[in-house]
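J.: What shape does this take:
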Amino acid sequence: MLILGIETSCDETAAAIVEDGSKVLSNVVVSQINIFAEYGGVIPEVAARNHLEVMMPVVKKALSDANKTWDDIDAIAVTHTPGLLGSLLIGTLTARTLAIIHNKPLYAVHHLKSHIYANWLETEKTPEFPLLSLVVSGGHTQILKMNAHNHFEIIGTTRDDAVGECFDKVAKILGLPYPGGPAITAAGRDGGDKNKYNFPKPKVDGLDFSFSGLKTAVLRTVQSELGLPISHPSHDLKNHLNKQQIADFSASFEKTATDYLLEKLEKAYTENPETKSFVVAGGVSANELLREEAAKRFPNVFFPERKFSGDNGAMVAAAAYYEIKNNVEPTDPYKLNIMPRSEIK
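T.: Residues are numbered from 1 along each chain as shown. I've put the predicted structure just below:
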């Protein structure tokens, strides 16, 4: 079964063709990172306009790279929610139109489900059920339990910021470029002392997360280290930091964030001892320290290939494949909304 997957939830315009939920025949991603690097984050209106410019060329290249035509495609899958509304609109309108024109079944797929299914792409060994999944990205931080394909139970979630957003904001405090995750890793590994600063871990009951306090703790520690008052603007702190301080703050923050994530996952394992596999998914799953520490702490832990960690069309196609295998009905392309009417204000 060949599925065309389309992903436009944030600032990547992506399309891919995947065979039987695992074999990636093509995977085209046009990123807007260079556009937003100078702003330190994504501007939704600009992102949507850039999706509009490259959407169809990306789809055509996905078909070309796979050496397939529309006659070969069995279904179309598209990220339906969550994400930036303007960006989602470009992807869903494209998918709906293509499904109508080429008479293909359409599957509207949840973005986080797609990230989890990235772990089934291009791998001989796949996760076993029941499993626990740690989903970590710029917009989400959750722990989910899966007893079977397409069965998801959220057992922990962030109450404020996501871990990826926290990485971006800490990087901005330290004067590091966007996106913050790779920049903090690079700075920390350039002679940084991960034990230099003892940042507090947020105290949240159960399996939920909180990252707003950790972000603030870094800000206050930087100000204190520099002998500056808390009223000193955060955007100016980078002008007072030396290279060693940036390296130490980066390494210490990354260690604290990683330990916090994995301690929550360990708690989830204690409450679900029948777990056979652990799946880490989302853009932050590419983090080197997170991969190293998770491999030490958990048996049978899975990470997607780094090229599938970020947003991409292949993961959307994989998620749709397992919906089809579970007899999920196709989406009516004439009625697809990017969010339920009850949520539209």
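
J.: how near is Val78 to Arg96?
T.: 8 Å (CB to CB, to the nearest Å). All C-beta spots, glycine's among them, are computed from the backbone N, C-alpha and C.

J.: what do you get for Pro299?
T.: For Pro299, the distance to Arg96 - CB to CB - is 43 Å.

J.: For these two, indicate the residue with more neighbours.
T.: Arg96 (20 against 10; other CB atoms under 10 Å).

J.: Name the nearest residue to the more buried one, sequence neighbours excluded.
T.: Leaving out its chain neighbours, the residue that sits closest to Arg96 by CB to CB, 6 or more residues apart in numbering is Pro333, at 4.0 Å.

J.: Under a three-state scheme, what state does that neighbour occupy?
T.: coil (DSSP: H, G, I helix; E, B strand; the rest coil).

J.: hmm, back to that, which residues are in contact with each of Val78 and Arg96?
T.: Leu106 (CB atoms under 8 Å, 6 or more residues apart in numbering).

J.: Please report phi then psi for the residue nearest to Arg96.
T.: Backbone torsions of Pro333, given as degrees, to the nearest 10, read phi -60, psi -20.

J.: just Glu305 next, same as before
T.: phi -60, psi 150.

J.: ok, it - how many residues close by?
T.: Using other CB under 10 Å, Glu305 has 14 neighbouring residues.

J.: Skipping its backbone neighbours, what lies nearest it in space?
T.: Glu305's closest residue in space is Glu122 (CB to CB, 6+ apart), at 6.1 Å.

J.: Quick one: the strands in the stretch 151-300 of the chain, in order.
T.: 151-157, 277-281 (DSSP state E, counting those that start in this stretch).

J.: what do you get for the stretch 1-150 of the chain?
T.: Counting by DSSP E, counting those that start in this stretch, the strands of the stretch 1-150 of the chain are 2-7, 12-19, 23-31, 75-81, 106-110, 131-136, 141-148.

J.: Need the contact partners of the last one.
T.: Right, strand 141-148. Among residues not part of strand 141-148, those counted as contacts by CB under 8 Å, 6+ apart are 112, 116, 129-135, 152-158, 162-164, 207, 209, 211, 261, 264-265, 268, 272, 279.

J.: Narrow those to those that are buried.
T.: For the contacts of strand 141-148, a burial check counting by 16 or more other CB atoms under 10 Å picks out 112, 116, 130-135, 152, 155-156, 158, 162-164, 207, 209, 211, 261, 264-265, 268, 279.

J.: what's the weakest-modelled helix or strand in the protein?
T.: helix 33-36 (a mean of 78; mean pLDDT, DSSP states H and E).
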